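**Q** generate a structure from the sequence data that follows.
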Amino acid sequence: MAIFEGAGVALVTPFQENGLVNYEVLEKLVEEQIAEGTDAIVACGTTGEASTMSHEEHLDVIRYVCEVTKKRIPVIAGTGSNCTETAVYLSVEAQKLGADGLLLVSPYYNKATQNGLKAHFKAVADAVNIPILLYNIPGRTGVTIKAETIADLCLTVPNILGVKEASGDFSAIADLMSLTDGKADVYSGNDNQIVPMMSLGGKGVISVLSNVAPAKTHEICQAYFDGDGKRSAKLQLEAIPLINALFSEVNPIPVKAALNLMGRQAGPMRLPLTEMEEKNQENLKIAMKEYGIL
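**A** Okay, the predicted model is just below:
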């Protein structure tokens, strides 16, 4: 069984002005996501700024999100690393803390071979017994998990179920779908490609957009699953200007700015990420107003 179907939110991590995690706001964000129909929460992914957290903070955020969510919807913990030992450690601890699944980004900077990627992911999978999704985002990591590699892992490792695909390479994604014949759970990692991904058999999206428009993002997926592809496509296209604004600077700078504009108190970024440039923020405001969320 898939960990979830529909719209999973790649949740931001709110910070106080002093840089500490704002747990009070984090609880409110989780509750809002659940109330608005989000199908799963991804804690400590790219959007959650996990790369700037200590291991202790990283795990404490996962613990807290699991405690607040109380199994109402699945919590998927981002536990990937470019160090296999670290990825194993974070994954084992996340399972102990109550995570329902794991999201493992491909090892960045090292630029492992495909055999190295297989060995890395298998090492993590062998250390836990909860479901795992791989995360293919070569634009960030500098390495592509090839379709054949993803297919091999999904078909031979029992708890590797699928992949968050953010490569944008639909030829490779079609190859993956063909190689796995429905046996890999594929989620769009790009908010502007939700419907195209589902048309190939995808299970939904792990979404940045869901931070600011959870009900609408869920509806894009639900309409498609309900057989109303025309409505799903219409909702997808209506969201494109806002999606473009949310990625006008590196994620999660714009989505945190958007949440702050909405009064959600997501707080500042941690360096090396900085606040959104004024011109881009003005364009973001326009897109948010046109979409009806500001």
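
**Q** would you map the helices across the chain?
**A** 23-35, 55-69, 84-96, 114-127, 138-141, 147-156, 170-180, 194-199, 214-225, 229-238, 240-246, 253-261, 278-291 (DSSP state H).

**Q** list the buried residues for the fifth one?
**A** Neighbour-count burial for helix 138-141 flags Thr141 (criterion: 16 or more other C-beta atoms under 10 Å). Bear in mind the C-beta positions are built from the backbone N, C-alpha and C, glycine included.

**Q** what residues does that helix touch?
**A** Thr46, Val105, Ser106, Pro107, Tyr108, Tyr109, Thr144, Ala166, Ser167 (C-beta atoms under 8 Å, 6 or more residues apart in numbering).

**Q** thought the first one was touching Val250?
**A** No: with contact defined as C-beta atoms under 8 Å, Thr46 does not reach Val250; the gap is 9.5 Å.

**Q** check contacts around Ile194.
**A** Ser188, Gly204, Val205, Ser207, Thr217, Ile220, Cys221, Gln236.

**Q** in CSV: those, plus neighbour count, distance to Met53 and pLDDT.
**A** Below are the contacts of Ile194 laid out as CSV (neighbours: other C-beta atoms under 10 Å; distance: C-beta to C-beta, whole Å; pLDDT from 0 to 100):
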residue, neighbour count, distance to Met53, pLDDT
Ser188, 26, 25, 98
Gly204, 27, 26, 98
Val205, 30, 24, 98
Ser207, 31, 21, 98
Thr217, 31, 25, 98
Ile220, 29, 30, 98
Cys221, 29, 29, 98
Gln236, 24, 32, 98
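
**Q** and the helix or strand of the chain with the lowest mean pLDDT, C-alpha only, in PDB?
**A** When each helix and strand of the chain is scored by mean pLDDT, DSSP states H and E, helix 138-141 comes last, with a mean of 95. What follows is helix 138-141 as a C-alpha-only set of coordinates in PDB (Å, rounded to 0.1, in the frame of the first residue of the first chain):
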ATOM      1  CA  PRO A 138      19.200  16.500  -9.500                       C
ATOM      2  CA  GLY A 139      19.000  20.300  -9.700                       C
ATOM      3  CA  ARG A 140      19.800  20.400  -6.000                       C
ATOM      4  CA  THR A 141      21.900  17.300  -5.500                       C
END
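
**Q** nice, that's everything, thank you.
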